[in-house]
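Chemist: Structure for this input, please:
(chains A and B)
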Amino acid sequence: MSTVIVDKAAPRRTVKYGSMSRDRTWALRWSYFFLTLFAIFSLVPPLYMLITSLKTSAEISAATNPWWVFHPTLENYIGLLTSNQFLTFFRNSAFVSIFVVTITMLISVPAAFALARMRFWGSATLATGVFLTYLIPDTLLFLPLFKMFAVFSDFTGIQLINRWYVLLIVYPTLTVPFCTWIMIGYFASIPKELDEAAIIDGASWFQTLTRIFIPVAMPGIIAATIFAFTVSWAQFLYPLVFTTSTDQLVLPVGIITSLIKGDVFNWGQIMTGALLGAAPPLIIYAFLMDYYIAGLTAGATKG
Amino acid sequence: MADVALQPNKAGATQTPRKRSSLHKALKRKSTAAFLMTLPLILLIAILVIYPAFYSLHLATLNKSMQRFVGLGNFEFLFKRETFWLVVKQSCIFAITAVVFKALIGFIVAHFVHNLPAKGQRKWRGMLLVPWVIPPAMSTLAWLWLFDPSYSAFNYTLSFFGVGPISWTGEPGWARFSVILVNIWVGAPFFMIMYLASLKSVPDQLYEAAAIDGANWWQRIWYVTLPMMRNIIAITTLFSLIVTFANFDIVRILTAGGPLDHTHIFATWAFRIGIEGSDIPLGASVSLFMVPILAIAAVFILRDVNKRGNEA
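Modeler: Residues are numbered from 1 along each chain as shown, chains lettered A, B, ... in the order given. Prediction:
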């Protein structure tokens, strides 16, 4: 399914190179030229991260060509990967993301199934509601949530602020509406006969979901999973607001608060940290790009 | 959740195996199962999204220590402050400029990628999507370093062209430019991929017919491509407007609102006041100013989504 969206129409345009008309050739040359420019624009910051991460502090502050590494070294990587702080951030990030993905899927797969397949009272309204919630940004909710957690701890004595697991409560507000919405779209494209046959054969709704539907809908579910992971790995505002002590921080906030001390920027380590923080989404995307793109487009193109 | 959803079905099946065929019962069973399946979703949205959204309305009417009701006092206070109007202006400049450029670049790049032979497309698409995949907090750090006034790569490169060192994040004008540039860099791939998907869904016959009628390149775009892509362009743009308007990471990391509040947008200023200045009610009132824009965009998006739903 995912690959179909991406690659379907592409081969139709292939023309034999020999018989290609002159303006087609020129159009192609111009395309390559501009695409190269845009690709440079896209890749400069990540490449610069890599370049800087391989330099010593002395070379970074020397007035030499910043675009080249004269004495490559791995000391920044060794420094970060042996520091307890950085490993803590990384571990917190990984824990939070994995738990959030699990919670998100447990909530949104059944909900999306119900909303896409079982017409019940208010189901259309609820689907629209899910979409609307997805439009409410984190920047609107962080203050009331902060206050709510403070009130909650006054009443119950359970401290949520400044614990990494508070993120497990707030991240799903971003991931669940989104994943539910794109999965409703994906689920709707699966032939109804499939699960109707299972129901007629006497399977319960839950059995239909787990035995028949989930295996068939796997591409859509994978797309949603990748999304939930990317969103929770990249989230910056909530951890900045809800966590402060060093052992509770996740990667983005951790790098910024621990490696920048006042006006002193340890750029070599900051860039190394940023690169290592960007690595998991990049690796996932390198292997599962088609799912990622399918998820990106499914949400908006299938109402 | 799993067990909960399973129970009613099992119970229903075992209790009365004889006369199970009643349609009414079956419907009832289905709606119960559906309700249980959506219950966690409803609870999550109600408790952690809807309630806080309204709670922030309530918060906005309290005084700083959150003990006294001050009505619209916070808003009155904001309207009298120059910084507030600066933030309003900047949020609009930021969101509109960034979205327009993102849409333009996305549209152009999508066309170029679409032009390529099918074999090479994947590779290019992959490279061009990288900015969208890297967490913005991480890539903005790289930009911050590229913009560094003394050792920055940009100023070093520019010096070869005789352009003096630019204080990228230190001067109001350049700081706004930098913030918008980074936002465009992060967001353009999203437009690119959405437009590319919709370009692929335009039937080739339309172009052939246009070519037979003697339409030139520009006419083909204006009369065939744009009308076919109108829905996607509208939805993507409105969608991006919401995200850009509510942006936080980029401005916060790149300039933290400085120099002299000249790059603050609603979200970063609300954070500065609400969390750093610990005046939650005032911060909540600031962030509430995003609501009208979000609401308008949401109404238009919904209209489009529903319209297409009916056509299909």
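Chemist: Scan chain B for its longest helix.
Modeler: Counting residues, the longest helix found in chain B (DSSP state H) is helix B:82-115.
Chemist: Quick check: which ranges of the stretch 201-312 of chain B have low pLDDT?
Modeler: Where the stretch 201-312 of chain B drops to pLDDT under 70, the residues are B:305-312.
Chemist: Contact partners for the most centrally placed residue in chain B?
Modeler: Centroid-nearest residue in chain B, with C-alpha atoms, centre = their mean: B:Val243, separated by 2.1 Å. Neighbour list for B:Val243: A:137, B:187 [criterion: C-beta atoms under 8 Å, 6 or more residues apart in numbering or on different chains]. (Glycine included, C-beta is placed from N, CA and C.)
Chemist: The one 4 residues further on now?
Modeler: Contacts for B:Asn247 were tallied using C-beta under 8 Å, 6+ apart; they are A:139, B:94-95, B:183, B:265, B:267.
Chemist: run the last query once more with 10 Å
Modeler: Applying C-beta atoms under 10 Å, 6 or more residues apart in numbering or on different chains to B:Asn247 gives the contacts A:137, A:139, A:237, B:91, B:94-95, B:98, B:136, B:179, B:182-183, B:186-187, B:265-268.
Chemist: rewinding a little: B:Ala98 versus the residue nearest to the centre of chain B, what's the distance?
Modeler: B:Val243 sits 10 Å away from B:Ala98 when distances are taken as C-beta to C-beta, to the nearest Å.
Chemist: Quick check: neighbours shared by the two?
Modeler: B:183, B:186-187.
Chemist: can you list the residues you listed in CSV and add secondary structure?
Modeler: Putting those into CSV (DSSP: H, G, I helix; E, B strand; the rest coil) gives the following:
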residue, secondary structure
B:Asn183, helix
B:Val186, helix
B:Gly187, helix
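Chemist: Let's have those residues in a markdown table, adding distance to B:Glu208.
Modeler: A markdown table is the format used below for the shared contacts of B:Val243 and B:Ala98 (distance: C-beta to C-beta, whole Å):
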| residue | distance to B:Glu208 |
| --- | --- |
| B:Asn183 | 39 |
| B:Val186 | 37 |
| B:Gly187 | 34 |
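Chemist: Closest to B:Ala197 out of the residues you listed?
Modeler: B:Gly187 (16.4 Å; C-beta to C-beta).
Chemist: and stretch A:29-46, does that touch chain B?
Modeler: Yes: shown here: stretch A:29-46 in contact with chain B (C-beta under 10 Å from any C-beta of the partner chain) through A:30-46.
Chemist: where are the low-confidence patches of the stretch 201-303 of chain A?
Modeler: In the stretch 201-303 of chain A (pLDDT under 70), the answer is A:262, A:298-303.
Chemist: quick one: the strands in the stretch 201-303 of chain A?
Modeler: For the stretch 201-303 of chain A, applying DSSP state E, counting those that start in this stretch gives strands covering A:260-261, A:264-265.
Chemist: Hmm, I typed the wrong one, I wanted chain B.
Modeler: Taking DSSP state E as the criterion, chain B contains no strands.
Chemist: ditto for the stretch 1-150 of chain A
Modeler: So, for the stretch 1-150 of chain A - with DSSP E, counting those that start in this stretch - there are no strands.
Chemist: quick check, stretch A:185-203 touching chain B?
Modeler: Yes: legend: contact between stretch A:185-203 and chain B by C-beta under 10 Å from any C-beta is shown at A:188, A:199, A:202-203.
Chemist: If any of the residues you listed are buried, put those into a PyMOL selection.
Modeler: Remark: buried members of the residues of stretch A:185-203 next to chain B, expressed as a PyMOL selection using 16 or more other C-beta atoms under 10 Å in any protein chain shown:
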select buried, chain A and resi 188+199+203
